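Asker: Predicted coordinates and the sequence they were generated for:
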Amino acid sequence: MTVRVRLAPSPTGNLHLGTARTGIFNWLFARHHGGQFLLRIEDTDLERSRPEYTQNILDGLKWLGITWDEGPFFQSQRMDLYRQKIQELLDRGLAYRAYDTPEELDAMREAQKAQNQAPRYDNRHRNLTPEQRAEYEAAGRPAVIRFIIDDNREIAWNDLVRGTVTWKGSDLGGDMVIARQSASDTIGQPLYNFVVVVDDMDMAISHVIRGEDHIGNTPKQILLYEALGATVPQFGHTPLILNQQGAKLSKRDGVTSISDFQKMGYTPEAIANYMSLLGWSPPEGMNEIFALTEAAQQFGFERVNKAGAKFDWDKLNWINSQYLHHMQIAQLTDLLIPYWQAAGYEFDWQGDRAWLEQVTALIAPSLARLDEAVPMTEYLFTPQLGFADDAKAQMQQKDADTAVSAVAEALPESGLTQEAAQEIVQQVVKSKGLKKGLVMKTLRAALTGSLQGPDLVQSWILLNHLGQDKLRLQQALALVER
Ligand code: GLU
């Protein structure tokens, strides 16, 4: 059998984390089996679908490296096919027009509630007499189209993730609406559960891999496949992505879309890597840092968990840091420049590339996210740097001013090297009889405006190249209260 899978996002929002993860599982499965991965944009909800969301979804998938072999197909362009199939069901007596008004349906549900029954359509228009139908038509009542569901059916499938799943026909809420209300001689807008089945049939999808939130749709869809005379594909329902408290991940957890991760400074490789691990465990012995192509060789549903996958920021940050730490400095510099520019830092980005790469090399080992480079390098890019409280306090220490003045006097105009910097410190320690620790700590406070930060001597050399070090030392001295 040829494996053909699809991702079917609705463009009612930016590419969501859960959708992207489903996309990755589909992609991995397709590549593992040498099959095809299709992309279908489910834009039948005309009010909520937006072209900019479609664009965001396509861009996000490409950014992650989730390439598709066919599509994107747009459901909005396939309405004729859906209506044709609905007509077929009407002609064969497998679907019918139901003329209930919203008020009548509300009253029906109220009555069910009053009797402690679960709300469902009671199929009251399934067997209207020709006279009753003619009456509704004459009155100009609009109708939905309902697909007949046999309450006595038992529907079962062997889920790739969950094993055997069974549903009773009587738990499906009665005959289901497959087209919205419209004038009774037309077919209204075809609805999700129906169009998905028509598309998956038409696109010869072999495996439907999607989020667990769709599990309740599957029995209805299976009945539709049967009614339309198609082979039922295999289904795999992937576990939900949960927050650390075990609730479904939501906007409140600070994660929504893939473009947010992009802005926050995660690399696409790290995101794709981490999301592969949300619900899938690689075989023992496989490194946790892997490219999607490597994961594709190993991927299979026997190692996809049933339980929800907890989203773990620490793990994601660790994975991202692994990618950043092993990246070529030139490439990392290219990725950092937009963050520095967005922060408003000014620099000769093209002209002084060598200096920039030294900055990158300096901070690379401590970066977990690209955006962290902005605060980490503020002292290098900000000529009018303020001093943090701890740095101010350090300048008030006994002998701090002596250390800073002595260093300032010994400074070369430019061309400071590691050796020269060490030499200056040694000399000041010796000639002024100061502790080396005090000199270094005070220098850090004076040069970088803070007591925390990357390697001091290297920072000093970078500032010296900009002609900033002497100025900083003078500014720091001005802080000292005498
Ligand atoms: N359009 C649905 C969604 O965005 C997916 C439908 C499916 O995969 O069957 O959730």
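Answerer: That came in fine, so what should we check first?

Asker: Closest approach to the ligand from the stretch 101-250 of the chain, which residue is it?
Answerer: Of all residues in the stretch 101-250 of the chain, residue 210 sits closest to the ligand, at 3.6 Å by CB to the nearest ligand atom. Glycine gets a C-beta too; all of them are placed from N, C-alpha and C.

Asker: Identify the spatial nearest neighbour of that residue, chain neighbours not counted.
Answerer: In space, and not counting its chain neighbours, residue 210 is closest to residue 22: 5.7 Å by CB to CB, 6 or more residues apart in numbering.

Asker: same question, residue 355
Answerer: residue 465 (5.7 Å).

Asker: gap between the one you found and residue 447?
Answerer: 13 Å (CB to CB, to the nearest Å).

Asker: neighbour-wise, which of the two wins?
Answerer: Between residue 465 and residue 447, counted using other CB atoms under 10 Å, the more crowded position is residue 447 (26 against 17).

Asker: check contacts around that one.
Answerer: Going by CB atoms under 8 Å, 6 or more residues apart in numbering, residue 447 touches 379, 456, 459-460, 463, 469, 472-473, 476.

Asker: Count the neighbours of the closest residue to residue 43 other than its chain neighbours for me.
Answerer: Among residues not flanking residue 43 along the chain, residue 49 sits closest, at 4.0 Å (CB to CB, 6+ apart). Neighbour count of residue 49, defined by other CB under 10 Å: 19.

Asker: what secondary structure does residue 37 sit in?
Answerer: Residue 37 carries the three-state label strand when classified by DSSP: H, G, I helix; E, B strand; the rest coil.

Asker: Number of residues surrounding it?
Answerer: 22.

Asker: Please name the bridge partners of it.
Answerer: Beta bridges link residue 37 to residue 5 when assigned by DSSP bridges.

Asker: OK, contacts around it?
Answerer: Contacts of residue 37 by CB under 8 Å, 6+ apart are 5-7, 26-27, 30-31, 66-70.

Asker: Same list, those, but as JSON lines with neighbour count, pLDDT and secondary structure please.
Answerer: Converted to JSON lines, the contacts of residue 37 look like this (neighbours: other CB atoms under 10 Å; pLDDT from 0 to 100; DSSP: H, G, I helix; E, B strand; the rest coil):
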{"residue": "5", "neighbour count": "28", "pLDDT": "98", "secondary structure": "strand"}
{"residue": "6", "neighbour count": "26", "pLDDT": "98", "secondary structure": "strand"}
{"residue": "7", "neighbour count": "26", "pLDDT": "98", "secondary structure": "strand"}
{"residue": "26", "neighbour count": "27", "pLDDT": "98", "secondary structure": "helix"}
{"residue": "27", "neighbour count": "27", "pLDDT": "98", "secondary structure": "helix"}
{"residue": "30", "neighbour count": "24", "pLDDT": "98", "secondary structure": "helix"}
{"residue": "31", "neighbour count": "19", "pLDDT": "98", "secondary structure": "helix"}
{"residue": "66", "neighbour count": "22", "pLDDT": "98", "secondary structure": "coil"}
{"residue": "67", "neighbour count": "12", "pLDDT": "97", "secondary structure": "coil"}
{"residue": "68", "neighbour count": "21", "pLDDT": "98", "secondary structure": "coil"}
{"residue": "69", "neighbour count": "13", "pLDDT": "98", "secondary structure": "coil"}
{"residue": "70", "neighbour count": "13", "pLDDT": "98", "secondary structure": "strand"}
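
Asker: I figured residue 57 was touching residue 40, is that so?
Answerer: No: the criterion here is CB atoms under 8 Å, and residue 57 misses it with residue 40 at 11.0 Å.

Asker: mind checking the end-to-end distance for stretch 223-242?
Answerer: With CA to CA, to the nearest Å as the measure, stretch 223-242 spans 31 Å from end to end.

Asker: for that stretch, what is the average pLDDT?
Answerer: Averaged across stretch 223-242, pLDDT comes to 97.

Asker: does the ligand sit close to that stretch?
Answerer: No: legend: contact between stretch 223-242 and the ligand by CB under 6 Å from any ligand atom is lacking; minimum distance shown is 9.4 Å.

Asker: quick one: buried residues of that stretch?
Answerer: Going by neighbour count (16 or more other CB atoms under 10 Å), the buried part of stretch 223-242 is 223-225, 227-228, 232-242.

Asker: What distance do you get for the nearest residue to residue 258 once chain neighbours are set aside to the ligand?
Answerer: Computed as CB to CB, 6+ apart, the closest residue to residue 258 that is not its neighbour in sequence is residue 60, at 3.9 Å. Residue 60 is 14 Å from the ligand, where distance means CB to the nearest ligand atom, to the nearest Å.

Asker: one step back: does the residue of the stretch 101-250 of the chain closest to the ligand have beta-bridge partners, and which?
Answerer: residue 237.

Asker: What's the local residue count around residue 473?
Answerer: By other CB under 10 Å, 23 other residues sit near residue 473.

Asker: got the contact list for it?
Answerer: Going by CB under 8 Å, 6+ apart, the list of residues near residue 473 reads 404-405, 407-408, 411, 446-447.

Asker: what's the closest of those residues to the ligand?
Answerer: Using CB to the nearest ligand atom, residue 447 comes nearest to the ligand of the contacts of residue 473, at 53.0 Å.

Asker: Is that closest one in a helix, a strand, or coil?
Answerer: Per three-state DSSP, residue 447 ends up helix.

Asker: Who are the contact partners of the residue lying closest to residue 367 once chain neighbours are set aside?
Answerer: Among residues not flanking residue 367 along the chain, residue 324 sits closest, at 4.8 Å (CB to CB, 6+ apart). The contact partners of residue 324, taken as CB under 8 Å, 6+ apart, are 267, 332, 364, 367-370.

Asker: Average pLDDT for stretch 110-127, rounded please.
Answerer: Averaging pLDDT along stretch 110-127 gives 96.

Asker: again, but for stretch 201-219
Answerer: Mean predicted confidence for stretch 201-219 is 97.

Asker: Now do that stretch: distance from first to last residue.
Answerer: First-to-last residue span, stretch 201-219, CA to CA: 16 Å.

Asker: List the buried residues of that stretch.
Answerer: Across stretch 201-219, burial judged by 16+ other CB under 10 Å covers 201, 203, 205-212, 214-215, 217-219.

Asker: Restricted to helices, list these.
Answerer: Counting by DSSP state H, the buried residues of stretch 201-219 place 201, 218-219 in helices.

Asker: Which of the contacts of residue 324 ranks first by neighbour count?
Answerer: Neighbour count (other CB under 10 Å) singles out residue 332 as the most crowded of the contacts of residue 324, with 23 neighbours.

Asker: Just say helix, strand or coil for that one.
Answerer: State at residue 332, reduced to three classes by three-state DSSP: helix.

Asker: What of residue 106?
Answerer: Classification of residue 106 using three-state DSSP returns helix.

Asker: which stretches of the chain form strands?
Answerer: Counting by DSSP state E, the chain has strands at residues 4-7, 36-41, 70-74, 95-98, 143-147, 154-159, 163-168, 176-182, 207-211, 234-238, 241-242, 309-310.
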